[in-house]
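>>> Need a 3D model of the sequence below.
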Amino acid sequence: MKDDSLSKIRNIGIISHIDAGKTTVTERILYYTGLIHRMGEVHFGEATTDWMQQEQKRGISITAAAVTCQWRGHNINIIDTPGHVDFTAEVERSLRILDGAVTIFSAVEGVEPQSETVWRQAERYQVPRIVFINKMDRVGVDYLSAIEEMRDKLAANPLLTQLPLGIEEDFRGVIDLIRMKAILWDEEDLGATYNESEIPGEYEEEAGRWREELLEAAADFDEELMEKFLKGDSIKEADIKRALRTATLTNGGQPVLLGSGLKNKGVQKLLDAVVEYLPSPSDVPPVEGVNPLTDEVEARHPSQDDPASMLTFKIMTDGGRRLTYLRVYSGSIAPGDRLYNPASEGQERIARLFRMRAEKRERMESAGPGEIVAVTGFKEARTGDTLCSEEEPIVLESVEFPEPVISVAIEPRTQGDHEKMTRSLEKLVEEDPTFRMTYDDETGQTILSGMGELHLEVFTTRLMDDFGVNARVGKPQVVYRETVDAVARGEVVVERELGGTMQHGHVILQVEPLPNGAGIEFAAEASNEEVPEEFVPQVEESAKRSAESGVILGYPVVDVKITLVGGAYKDNVSTPLAYGIAAAMALQEALEKAEPGLLEPIMEVEAVVPEEFVGNVIGDLNSRHGKMADMQEKMSYKVVTALVPLSSMFGYSTDLRSLTQGRATYSMQFSRYDRAPEQN
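Residues are numbered from 1 along each chain as shown. The predicted model follows:
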């Protein structure tokens, strides 16, 4: 790809809360861009990007699917992400490599909990966004409330560019506030064509008022528009779009469009907005990383002339073959090329290069800056690894994932299944970095840890259905953490013969509690005579490794400060190994003395409940040791928010349906770790 074509690339994600309509909108995008010739429906398991068997069965997105389509001469690389909180890692790794995003909100439900989560993820990576308010045809539409919630809950700056022509079952089109035209979609050809006309008389006054608001807000981002606006001069379409693009690229504002994916209205105008407002790879700053040879920060520009650099953001096992997804930032790649992986200090060879269309592949001869591709042939690369030129290496920012909060025991039914299960689990854990796999020596069971009940259920079902493993799965268990409530010290002297040589290490460690969420901190206050400076890193590494297994039930220790306060040194016999052994033992001794306790995961639960059932739902949450955090009114429903221990939430979906005659819905996401009751 020539560098001058970078301006014609858009790398975007579709992000939102579950059931806001991401996959439905994506399916329409693929239809109107000509990539598919028949629209599939999510509820029938037909959507292009929901290609996994588990997605089709459950009617939800589980994995981020990449597709490429064309619109107005632009290549649009789309990643359709899951909306369920259990699969939030798919959103995290997608946003890490994307240049822009389309955030979808329901015109009925507005800003929901997972919408807030994905918005914060986009904020963390400074990803510019536009907004599509979907489901304008549904009963209970209140798109202006959704816009207010964007301001209140997300601290966003929504810039409304359209008004609806009718709402709910009468929704038939939109009024374009930039061009001041009415746009109506033809239902006879599934919305493939639309007609523009003058704004109906009954809408003129309202449209004029909203256009003034749009111009006033957009003028803050463009001096030329501001000058015309203040002087009362004629303002052109290009003036407004230029200002909206600046607002979007600087994350100062978010253009808002309206529509209904299911009823095939508004999607073409959304595609126009993707092209007009979201950035190309050349619009975003050069990617930065650290040169592992010099530890200096370096930049890579989106040019074929810069040294090759790319990030691995996803691993898939497809048809028994390992498929590695890459975002190319600089340089170019082709089948047969070898790339350097600084993490493994080894080389990876590209066997084949593909452009992905969900599960379908299109062979490519080469790929350049700004492209999102998949390759076969890689052996060692993991999610978050950098691939680059060995002569001019660089390590780009990796991807951070949340820690799992729930676990399940699994064991093969027969000895013959043991090896097969181990191999299959390794492949699945490689695909999803939020899973953890450990082995319990006492029970002989393999312990899988994940982000929630659904996460574990999908994982174990795939293990048995996709990989043919015959296994027994236990009940889900909460993953706890350990901490301390007091200050205490541990002192250990190690003096023993190791490898035929006498080795000595003497360490005094102090532990003290830190605030919730602080993690583990280490400080060295011992003098150089007590513990020489060159041995301190060994003490720190060993103490932190020892903290991975607490003294109550062996869970990781968090929210603790470890301080090296003293020790002793002996010439010729004190060694790093001995200091490390002493540090590990001293930490365990200190933890035992420091009033250790268990921390349990606390979930933020949001239940949308018909008014007549609110008392039942609140009573049930109280019985689960929940603490009410908020209650808001939304039409005829109450939105109840509570903080509840995860251990009390197993089976909640069934109980909520029973309490509310199946009319309530809920969502749940991790909030924090808090002290568990003594009986736990």
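>>> element containing the closest residue to Asp432 other than its chain neighbours?
Counting by C-beta to C-beta, 6 or more residues apart in numbering, Ala89 is the residue found nearest to Asp432 once chain neighbours are left out, at 6.7 Å. (C-beta placed from N, C-alpha, C; glycine too.) In this structure, Ala89 sits in helix 88-97 according to DSSP states H and E.
>>> What average pLDDT does that helix get?
Averaged over helix 88-97, pLDDT sits at 83.
>>> mind listing what's buried in that helix?
By neighbour count with 16 or more other C-beta atoms under 10 Å, helix 88-97 contains the buried residues Thr88, Ala89, Glu90, Val91, Glu92, Arg93, Ser94, Leu95, Arg96, Ile97.
>>> Let's have those residues in a markdown table, adding distance to Thr26.
A markdown table is the format used below for those (distance: C-beta to C-beta, whole Å):
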| residue | distance to Thr26 |
| --- | --- |
| Thr88 | 18 |
| Ala89 | 19 |
| Glu90 | 14 |
| Val91 | 14 |
| Glu92 | 19 |
| Arg93 | 18 |
| Ser94 | 13 |
| Leu95 | 16 |
| Arg96 | 20 |
| Ile97 | 18 |
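>>> circling back to that earlier point, next secondary structure element downstream of the helix holding Ala89?
Remark: after helix 88-97, the chain's next helix or strand is strand 100-106, criterion DSSP H and E.
>>> where's Thr294 relative to Glu497, distance?
Here the criterion is C-beta to C-beta, to the nearest Å. By it, Thr294 lies 42 Å from Glu497.
>>> pLDDT weak spots in the stretch 301-450 of the chain?
The stretch 301-450 of the chain contains residues with pLDDT under 70 at 319, 358-359, 441-444.
>>> what about Leu587, how many neighbours?
Leu587 has 27 neighbours, counted by other C-beta atoms under 10 Å.
>>> try Ile447
17.
>>> next one: phi and psi at it?
For Ile447, the backbone dihedrals (degrees, to the nearest 10) come out as phi -110, psi 120.
>>> residues contacting it?
Counting by C-beta atoms under 8 Å, 6 or more residues apart in numbering, Ile447 touches Ser407, Val408, Ala409, Ile410, Met437, Thr438, Tyr439, Asp440.
>>> one more time with 7 Å
Listed by C-beta atoms under 7 Å, 6 or more residues apart in numbering, the contact set of Ile447 reads Ser407, Ala409, Thr438, Asp440.
>>> Please name the bridge partners of it.
Ile447 forms beta bridges with Ala409, Thr438, as assigned by DSSP bridges.
>>> distance of it from Gln632?
Between Ile447 and Gln632 the distance is 39 Å, computed by C-beta to C-beta.
>>> now Gln347
Distance check for Gln347 against Gln632: by C-beta to C-beta, it reads 56 Å.
>>> Output the below-cut-off pLDDT ranges for the protein.
1-4, 40-63, 83-86, 319, 358-359, 441-444, 635, 679-680.
>>> residue nearest the centroid of it?
For the chain, Glu92 is the residue whose C-alpha lies nearest the centre (C-alpha atoms, centre = their mean; 2.3 Å).
>>> nearest spatial neighbour of that one, skipping sequence neighbours?
Of all residues not flanking Glu92 in the chain, Gln121 sits nearest, at 5.8 Å (C-beta to C-beta, 6+ apart).
>>> What is the neighbour count of that neighbour?
Here the number of neighbours of Gln121 (other C-beta under 10 Å) works out to 21.
>>> For it, give me phi and psi.
The phi/psi pair for Gln121 (degrees, to the nearest 10) reads phi -60, psi -40.
>>> ok, now Arg72?
Listed backbone geometry of Arg72 is phi 50, psi 40, with angles given as degrees, to the nearest 10.
>>> With adjacent residues omitted, what lies nearest to it?
Arg72's closest residue in space is Val275 (C-beta to C-beta, 6+ apart), at 5.4 Å.
>>> In CSV, list the C-alpha atoms belonging to the strand or helix carrying that neighbour.
Assigned by DSSP H and E, Val275 falls within helix 267-277. Below are the C-alpha coordinates for helix 267-277, written out as CSV (Å, rounded to 0.1, in the frame of the first residue of the first chain):
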residue,chain,number,x,y,z
VAL,A,267,-26.8,3.4,8.5
GLN,A,268,-25.6,5.0,5.3
LYS,A,269,-25.4,8.4,7.0
LEU,A,270,-23.4,6.7,9.8
LEU,A,271,-20.9,5.4,7.2
ASP,A,272,-20.6,8.9,5.8
ALA,A,273,-19.8,10.2,9.3
VAL,A,274,-17.1,7.5,9.8
VAL,A,275,-15.4,8.7,6.6
GLU,A,276,-15.9,12.4,7.3
TYR,A,277,-15.1,12.6,11.1
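>>> Just the buried residues of that helix, please?
For helix 267-277, by 16+ other C-beta under 10 Å, it's Val267, Gln268, Lys269, Leu270, Leu271, Ala273, Val274, Glu276, Tyr277.
>>> Make CSV out of those and add distance to Asp186.
Formatted as CSV, the buried residues of helix 267-277 follow (distance: C-beta to C-beta, whole Å):
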residue, distance to Asp186
Val267, 13
Gln268, 12
Lys269, 14
Leu270, 17
Leu271, 17
Ala273, 21
Val274, 22
Glu276, 23
Tyr277, 26
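>>> quick revisit: tell me what angle the helix holding Ala89 forms with strand 100-106.
Relative orientation of helix 88-97 versus strand 100-106 (axes from the mean of the first three to the mean of the last three C-alpha atoms, to 10 degrees): 140 degrees.
>>> Please renumber the chain so that the first residue is 4 from this point on.
Taking 4 as the first residue, the last one we looked at is helix 91-100.
>>> helices or strands up against helix 91-100?
Applying 3 or more C-beta pairs under 7 Å, 6 or more residues apart in numbering; DSSP states H and E, we find helix 91-100 packed against strand 12-19, helix 116-127, strand 312-321.
>>> Let me know which of the ones you listed is tucked in deepest.
Burial of the helices and strands packed on helix 91-100 is given as mean neighbour count (mean count of other C-beta atoms under 10 Å); strand 12-19 ranks first at a mean of 26.
>>> Which secondary structure elements does whatever helix or strand comes next after that strand sit against?
Counting by DSSP H and E, the next helix or strand C-terminal to strand 12-19 is helix 25-35. Contacts defined by 3+ C-beta pairs under 7 Å, 6+ apart place helix 25-35 against strand 12-19, strand 68-74, strand 77-83, helix 270-280.
>>> Report the buried residues of helix 25-35.
Buried residues in helix 25-35, counted by 16+ other C-beta under 10 Å: Lys25, Thr26, Thr27, Val28, Thr29, Glu30, Arg31, Ile32, Leu33, Tyr34, Tyr35.
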